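1. when you get a sec, could you give me coordinates for this:
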Amino acid sequence: MITLKTPLLEIRGIGPKFLDKLKHFKIETVKDLLWHFPFRYEDFSEVSKIIDLVVGQQATVQGVIQDIKVRKTWKRKLLLIEAIVEDETGKISAVWFNQRFLLAILKKGKLVSLAGKVAETKEGAISLSNPTYEFINQPTDYSLQATDEEKSVSDGQLTVDSLKHTGRIVPIYPETRGLTSKAFRYLIKPVLDDIKNIPDTLPNEVIKKYKILEINKAIHQMHFPEKIEDSREAKKRFAFEGLFYIQVVNLRERLRLSKQKANKISVDLKYVKKLLEKLPFELTHAQKKVLWDVLKDIGDSHPMNRLIQGDVGSGKTIVAVISAMIVADGNKSSAIMAPTEILANQHYQTFKKFFPDFNKGVGILTSSGAKIFYGDGLENIVKKPEFIKKISTGDVKIVFGTHSLIQKNVIFNNLALVVIDEQHRFGVKQRAQLISRESEFSAHFLSMSATPIPRTLTLTVFGDLDLSIVDELPRGRKEIITKIVAPENRDKAYAFIRGQVKKGRQVFVICPRIEPSQIEDVDPNTFFSEWQKWELKSVKEEYAKLSEKVFPDLKVEMLHGKLKVKEKEQIMEKFKNKEIDILVSTSVVEVGVDIPNATIMIIESAERFGLAQLYQFRGRVGRGEHQSFCLLFTEFKSQIIMKRLRSLVEAKNGFELAEEDLKIRGPGEFLGQSDSVAQTGIPDLAMKALQNPNLVMEARKAAEEIIKKDPELKNSPILLEQLEGFKKQVHLE
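-> Sure thing, here's the model as predicted:
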C-alpha cells in the first residue's frame, strides 16, 4: 500500500535513472513527488476538429498518423521530424526538431492525441510546432533510439478519458535536463490513482469554517484539474496550509516563551532620566514610546521577544543602548550583535561618544580583535582569550560584536539582554545560540530592522515577535531629494556632484558588483528585454572611470567585500574624516554606516536592486544638517523598471514603499534574498500568498483559535507531527 512516506524506489515503473534525476529536486518519497507542484497550466481541454483550427490557438487534435518522415533544414542543419495527422475533417502537419527517436514511436496508423499552438507554414498551411503527444488506447512498440523518458511516457495504455498530456488542463512543472513536465505527469498520475487516502493535517473545523479544500481533493486538483478554477482552489488550500503552519509555529513559540523565566530587570526611572539628559539630542515621541515598551518587557519575569522597526536614521540603536545600560545598572550583561564589523564598531564608537563616563565595562568582539572601554578615556586592546574571560566573569557588562559572539567558548555572565541589529540577516539557530546560554534564565531578546516590512510579513514570518515601530525621524532632518537620471543626463549629474563636493560635501557611489560583468553572467530570463546589451556597473570600473576621467582632481576611493576588514575600516575612517570625496562601493554600505557629511547617494544600475535595498542605500545620506540627494542611474526605460524606481521617488515613507515592493518583487526581497523559497524553506505557494492580506489574516485567526482551544495540540496529532517536520524545513529569519 502506497503512503506519503513510501520511498520512490519502491514504486513500480520508476527506474534508477529517474530516481537520480528526481534527486535534483530533492524528491525521494511519494510526499516529495506529490508536493512538486506545477507552476502554470496549459489549457488543452478543448479537443478541436482540424477544420476548425485557427492560427495562434492552443488546441488538442486527435487523429490517425498518415505519414511521418525526416529531413534536414538547410540553414540550421537541424533534423526535422514531420508527421501528417488526419481526422474526419482534414489534415495537419506536426513538426519536431532533433528528435529522431520519434520515427520509432510515431508509426503510421497510430491513433494519437496532439496538443500545442497552431502555427502557419510558409506555404499558408496550418501546423503544430513541437506538440505534446500521447497515444489513445493502442500499444506502442519501442525502439532502442527512444530515450528512457519517451519509453516511459508513451505507455500506450490511455483511453480518451485518461489522457494526461493532452485534451485537458495540462500542468507544467519545474523541470531539469531529462526530466520534463511530460515525465512528471507520467510519474504523478499513477501514484495519485494508487494512493487511497492522504491524512489531512488541517483540523476538520478549520477546513469547514474557512472553506478550504480537503487534502485528497486538493492534491488531485493541483495536478490534474478539470477546470482552471479547480487549480486556483487547490493553490488556495496549500497557500493557506503553509501560512497556517507558520502562524501555529509562531504562536506555540510565544506560548513556550511565556512559560520560561527571565531576569526581571528593575527599572530606576531617575537613572533613565539621567541617561537621557546626557544625550546631545532629545528623543522623539516615537523613540520614547518604544523605549517604554522595552522597559516594560525587561521588567517582566518572562523573556521579551520584540522587534523594533523604523526608517533608516530614526534612532532605533539608541533605544537598544539605553536598554543595555539599564540592564548593566542591574548588574546584568547585554550582547549587541550586528551583521558587519563596520556596523558593530560604529555602534561601539557611538556608545563611547554618548556615554564617556560609563565604568561598568563596554567592549567589542569581532574576528579582527577585541577592545574594552572603562570610561574616562580608558580603552584597552586585549587578546581575545582575555576578553572572553572578562565576559564570563562579568567585568564587561555590554558587548558589541558580530558572529564572534556566538562562538562556543563565549560564555556570558548573567546574560539578560540580547540585541540583534538587522535581525532578518541572522538565522533563528544563531539567535538561539546566544539566548540559550543561560541554564536557569532566558535572556530578553530585542531585534531591530531598518528594512520596512509589510504588515503581512510582520504577522507571519515575524509573528512570534511583539512589534514596536519608530515612525518619526529626528527633528531637523530634511527630506532627501530623489531623482532618476537617464543616460543623456549623466554629464549634468556629474557637474552637480562636482559643485556639491566643492562646497565640502561627500558622495557615495553604489555599484551592484565588484568585477566587470560578462555577458554570460546575465540571466536571459530576467525581466530585462534588453539583457543582451546590459553590462552591470562594477566598483572597479567605476572607480577607474571616476578617478581617472570624470573627477581626476578629486579624492576618489573604492570599497568592497573582498577587502580585508582592517582595509575597510581604514577606508571608512578616512571617509568619515573627510579625507575622501567620493567613495565607490558595493552594497557593503547598505546597513548602518553613518557619515553625516555625505549628502549625495548615486546608485548605478539602480534597476538591479530591490526597493527595500534602494531605500537602505538612500538612508546612508540625509543624516546631517545639509540637503541630501539620491540619484538613481539606469540605462533602461522600460515601463516596469521606471514604475519601480518612481515608487521610490514618490513613497512618503518606508512602510508605504514596502507594500509597493511586496506587490512588485514578492516577499523574498524582505528576507534578504531573491531565492526566498530555497533559502527559507517556506513553501512556494505560502510565500506568494504573503501578498494576500486576507488569506494571511484568515490563517492567523484559524491558528489562534486552534491554539486557544488546544495549546498542546493533543487533539491534532497529525498536525503536531507535520509541524515538527515543518520547523526543520523552514528557516524563518
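
2. quick one: the lengthiest strand in the chain to chain centroid distance?
-> Counting residues, the longest strand in the chain under DSSP state E turns out to be strand 58-72. Computed by CA atoms, centre = their mean, to the nearest Å, the chain-centroid distance of strand 58-72 equals 44 Å.

3. look up the pLDDT of I398 for me, please.
-> Here, the pLDDT recorded for I398 equals 96.

4. which strand residues bridge the residue nearest to it when sequence neighbours are not counted?
-> Excluding the flanking residues, the one nearest I398 by CB to CB, 6 or more residues apart in numbering is V362, at 4.4 Å. C-beta: built from backbone N, CA, C; applies to glycine. V362 forms beta bridges with F373, I398, as assigned by DSSP bridges.

5. V362 is in contact with F400, isn't it?
-> Yes - using CB atoms under 8 Å, V362 is in contact with F400, at 7.5 Å.

6. now do the helices in the stretch 551-700 of the chain.
-> 565-576, 611-618, 639-650, 654-665, 676-680, 684-689, 693-709 (DSSP state H, counting those that start in this stretch).

7. picking up where we left off before, what is the neighbour count of the residue nearest to I398?
-> When neighbours are counted by other CB atoms under 10 Å, V362 registers 27.

8. how close does it sit to I336?
-> Noted for V362: a distance of 10 Å to I336, by CB to CB, to the nearest Å.

9. same thing with Y494?
-> 40 Å.

10. ok, the nearest residue in space to E659 that is not next to it in sequence - contacts?
-> Nearest non-adjacent residue to E659, counting by CB to CB, 6+ apart: P454, 5.1 Å away. Taking CB atoms under 8 Å, 6 or more residues apart in numbering, we find P454 in contact with F655, A658, E659, D661, L662, F670, L690.

11. next: K261.
-> Counted by CB under 8 Å, 6+ apart, K261 has contacts S301, H302, P303, E440, F441, S442.

12. these: which two are farthest apart?
-> Using CB to CB, the pair of the contacts of K261 lying farthest apart is H302 and E440, separated by 13.6 Å.

13. between those two, which has more neighbouring residues?
-> The neighbour comparison of H302 against E440 (other CB under 10 Å) goes to H302, with 15 against 8.

14. who's in contact with that one?
-> Shown in contact with H302 (CB under 8 Å, 6+ apart): L257, S258, K259, Q260, K261, A262.

15. against F462, how distant is the residue nearest to E659?
-> With CB to CB as the criterion, P454 and F462 are 11 Å apart.

16. joint contacts of V362 and I336?
-> With CB under 8 Å, 6+ apart, V362 and I336 have common neighbours I398, V399, F400.

17. wait, what's in contact with the second one?
-> The contact partners of V399, by CB under 8 Å, 6+ apart, come to S333, S334, A335, I336, V362, G363, I364, L365, I391, L405, F412.

18. the fourth one: neighbour count?
-> Yep, that's I336 we're talking about. Close neighbours of I336, defined as other CB under 10 Å, add up to 27.

19. how does this structure divide up, domain by domain?
-> What automatic domain parsing lists as the domains of the chain is 40-172, 269-299+315-449, 481-652.

20. distance to L719 for those - can I get that in JSON lines?
-> Listed next are the domains of the chain as JSON lines, based on distance: least, CB to CB, whole Å:
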{"stretch": "domain 40-172", "distance to L719": "28"}
{"stretch": "domain 269-299+315-449", "distance to L719": "21"}
{"stretch": "domain 481-652", "distance to L719": "33"}
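
21. ok, back up a step: now, among the contacts of P454, which is nearest to R185?
-> For the contacts of P454, the nearest to R185 is L690 (29.1 Å; CB to CB).

22. so that closest one touches F462, yeah?
-> No - counting by CB under 8 Å, F462 is not a contact partner of L690; they are 11.4 Å apart.

23. strands of the stretch 51-200 of the chain, start to end?
-> Ranges of strands in the stretch 51-200 of the chain, per DSSP state E, counting those that start in this stretch, are 58-72, 79-87, 90-97, 111-120, 126-129, 132-135, 169-172.

24. pick the most deeply packed of those.
-> Most buried of the strands of the stretch 51-200 of the chain by mean neighbour count (mean count of other CB atoms under 10 Å) is strand 132-135; its value is a mean of 23.

25. parallel or antiparallel, list what pairs with that one.
-> Here, using DSSP bridges, strand 132-135 pairs with strand 111-120 (antiparallel).

26. also compute the angle for the partner strand relative to strand 90-97, please.
-> 80 degrees (axes from the mean of the first three to the mean of the last three CA atoms, to 10 degrees).

27. how far is strand 111-120 from where the chain is centred?
-> What separates the centre of strand 111-120 from the centre of its chain is 39 Å, taken as CA atoms, centre = their mean.

28. also stretch 21-31?
-> 23 Å.

29. related to what we said a few turns ago, show me the contacts of H302 that map onto helices.
-> Judged by DSSP state H, the subset of the contacts of H302 located in helices is L257, S258.

30. show me which of the contacts of H302 are buried.
-> Neighbour-count burial (16 or more other CB atoms under 10 Å) applied to these gives L257, A262.

31. where along the stretch 151-300 of the chain do the helices fall?
-> For the stretch 151-300 of the chain, applying DSSP H, counting those that start in this stretch gives helices covering 181-194, 204-209, 215-223, 228-258, 269-278, 285-298.

32. F184 contacts H36, doesn't it?
-> Yes - F184 is within contact range of H36, at 6.8 Å (criterion: CB under 8 Å).

33. need the overlap of contacts for the two.
-> Joint contacts of F184 and H36 (CB under 8 Å, 6+ apart) are Y173.

34. between the two, who's got more neighbours?
-> The neighbour count for F184 versus H36, taken as other CB under 10 Å, is higher for F184 (23 against 17).

35. excluding chain neighbours, what is closest to the more buried one?
-> Y173 is the one closest to F184 (CB to CB, 6+ apart), at 4.4 Å.

36. phi and psi next, for the one you found.
-> phi -110, psi 160 (degrees, to the nearest 10).

37. which residues does it contact?
-> H36, F37, P38, F39, S181, F184, R185.

38. picking up where we left off before, can I get the buried ones among the contacts of P454 as something I can paste into PyMOL?
-> Buried subset of the contacts of P454, written as a PyMOL selection, criterion 16+ other CB under 10 Å:
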select buried, resi 655+658+659+661+662+670+690
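
39. which among the contacts of P454 gets closest to N345?
-> F670 (26.4 Å).

40. need the shared contacts of V362 and I336 in JSON lines (columns: distance to R237).
-> Converted to JSON lines, those look like this (distance: CB to CB, whole Å):
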{"residue": "I398", "distance to R237": "49"}
{"residue": "V399", "distance to R237": "47"}
{"residue": "F400", "distance to R237": "47"}
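
41. check these against E86 and report the nearest one.
-> For the shared contacts of V362 and I336, the minimum distance to E86 (CB to CB) is 78.8 Å, reached by F400.

42. end to end on stretch 579-588, go ahead and measure it.
-> End-to-end distance for stretch 579-588: 19 Å, by CA to CA, to the nearest Å.

43. what mean pLDDT would you report for it?
-> Rounded mean pLDDT across stretch 579-588 is 89.

44. repeat that for stretch 563-571.
-> What stretch 563-571 shows for mean pLDDT is 84.

45. contacting residues around that stretch?
-> Residues contacting stretch 563-571 (CB under 8 Å, 6+ apart): E341, I342, N345, T366, S367, S368, E557, L559, I580, L583, V588.

46. repeat that for stretch 291-299.
-> Contacts of stretch 291-299 (CB under 8 Å, 6+ apart): 262, 264-267, 272, 283, 304, 306, 308, 319, 322-323, 326-327, 416-417, 444, 446, 466, 468.

47. please redo it, this time with the cut-off set to 6 Å
-> With contacts defined as CB atoms under 6 Å, 6 or more residues apart in numbering, stretch 291-299 is touched by I265, V267, M304, R306, V319, S323, H444, S468.

48. how about stretch 463-477?
-> By CB under 6 Å, 6+ apart, stretch 463-477 touches 247, 250, 253-254, 284, 286-287, 290, 293, 305-310, 314-316, 458.
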